[in-house]
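quick check, what structure comes out for this input:
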Amino acid sequence: MSYIAVIGGGSWGTTLACLLTEKGYDVSLWVHDKTLADRIRETRININYLPDTIIPEGVRITNSIEEALKRARYILNAVPAQYVRDVFSAGFTYVLEEAAIISLTKGIERGTLLTASSVLKELSDYTIAVLSGPSFAKEVMKKLPAAVTLAIKDRNSGHLLQEVFNMSNFRVYTHDDIIGVEIGGALKNVMAIASGISDSLGLGNNARASLITRGLAEMTRLGVAMGAQERTFSGLSGIGDLVLTCTSLLSRNYTVGIQLGQGMKIKDILKQTKYIAEGVTTAESAYELAKKYKVEMPIVEQVYKVIYEDKDPQQAVRSLMERSLKTEFYG
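Residues are numbered from 1 along each chain as shown. Predicted coordinates for the structure are as follows:
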């Protein structure tokens, strides 16, 4: 019962498939694109996402969702947020009754405004956990040190999964706040776009530090309104992931922000990249969530307007700086 199915052949799914295989687990990696799946099977390289990594022979590459899921004790959801519902609506037909699902997705579904775990819960009664934190796939694949949070309600299941995922250079902590961990993972991508815009405009280190701090305040306010624990946002899946994503060119969302700050339009940015920047769609969902829960989120609002209303980034900065004066802590 050590069979693991990784659903999603992006950089993070591929990385964990490789590392779990090296740890001794029986792993399948489901890749949506048949052409890419065939190419990985033939070359043992995921040219689209991890071109410098040789995928171990022990990782079975498949384009069949049935083949991937039918024996899996543990299922890793590494599918982008907007595709989780479609993939698992079809896939749950083949899942074992005793299976557990560990979601890696950092985004919010458009329209429903649900996190990935909430979508999965709508579709099934399986045990759901969330793995999140500051962890660029390329660095984890190189076995550079990283630490993440595993959020799950059942403590015993959490300890078991903690053992499954913990490795010498990949430290796993447990927590019970699933929604808080997911909101942190999703919203930090929006803040990373804002950070990229700020740096692209040459606004300096002071501005970036202020943006990260106030971004954390916005994430926390929304998370608490949605039932999360405030302390979650001071942890790895909150401030940890936020700082990482807002300060590195390895972040797809930070890179999108830089391009927006340079004057590129979002449609042109998305056309020229094969990577999915979850912050683009999450900006819309977060903007809607802020209205739904009546939470003030000025940074999210301005990122939304830059992306979806073609607002000039310089004007967005002015809108933030010229807001009415407030106390730092309130509510």
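
phi, psi of the residue nearest to Glu182 when sequence neighbours are not counted?
Spatial nearest neighbour of Glu182, excluding adjacent residues (CB to CB, 6 or more residues apart in numbering): Thr115 at 4.0 Å. Every C-beta, even on glycine, is put in place using the N, C-alpha and C of the backbone. Backbone torsions for Thr115, taken as degrees, to the nearest 10, come to phi -70, psi 170.

in terms of pLDDT, where does Thr115 sit?
Thr115 is assigned a pLDDT of 98 by the prediction.

for this structure, give me the ranges with low pLDDT.
1, 331 (pLDDT under 70).

neighbours around Asn77, how many?
Neighbourhood size, Asn77 [other CB atoms under 10 Å]: 27.

repeat that for Asp125.
Neighbours of Asp125 (other CB under 10 Å): 7.

doesn't it lie inside a strand?
No. Counting by DSSP: H, G, I helix; E, B strand; the rest coil, one finds Asp125 to be coil, located in no strand.

give me the distance between it and Ala99.
Separation of Asp125 from Ala99 (CB to CB, to the nearest Å): 11 Å.

got it, and Gly13?
17 Å.

same check, this time on Ala137
24 Å.

do the same with Thr112
According to CB to CB, Thr112 and Ala99 sit 24 Å apart.

domain assignment for this structure?
The chain resolves into domains spanning 3-176, 186-321 when parsed by automatic domain parsing.

ok now the longest one, how far from the chain's centre?
By that I understand domain 3-176. Put simply, domain 3-176 sits 12 Å off its chain's centre (CA atoms, centre = their mean, to the nearest Å).

can you give me the first-to-last residue distance of it?
25 Å (CA to CA, to the nearest Å).

quick one, helices of the stretch 201-331 of the chain?
204-225, 241-245, 252-261, 266-271, 278-293, 298-308, 313-321 (DSSP state H, counting those that start in this stretch).

roughly how far out does the last one sit from the chain middle?
Just to be clear, that refers to helix 313-321. The chain centroid and the centroid of helix 313-321 are separated by 27 Å, computed with CA atoms, centre = their mean.

before we move on, what about the third one?
Remark: helix 252-261 is offset 16 Å from the chain centroid, using CA atoms, centre = their mean.

list the helices and strands it packs on?
Judged by 3 or more CB pairs under 8 Å, 6 or more residues apart in numbering; DSSP states H and E, helix 252-261 is in contact with helix 178-200, helix 266-271, helix 278-293.

cool, the first one as well?
With contacts defined as 3+ CB pairs under 8 Å, 6+ apart, the packing partners of helix 204-225 are helix 178-200, helix 241-245, helix 278-293, helix 298-308.

how about residues contacting it?
Applying CB atoms under 8 Å, 6 or more residues apart in numbering, the contact partners of helix 204-225 are 179-180, 183-184, 187-188, 190-191, 194-195, 198-199, 230, 232-233, 238-239, 242-243, 246-247, 286, 289-290, 293-300, 331.
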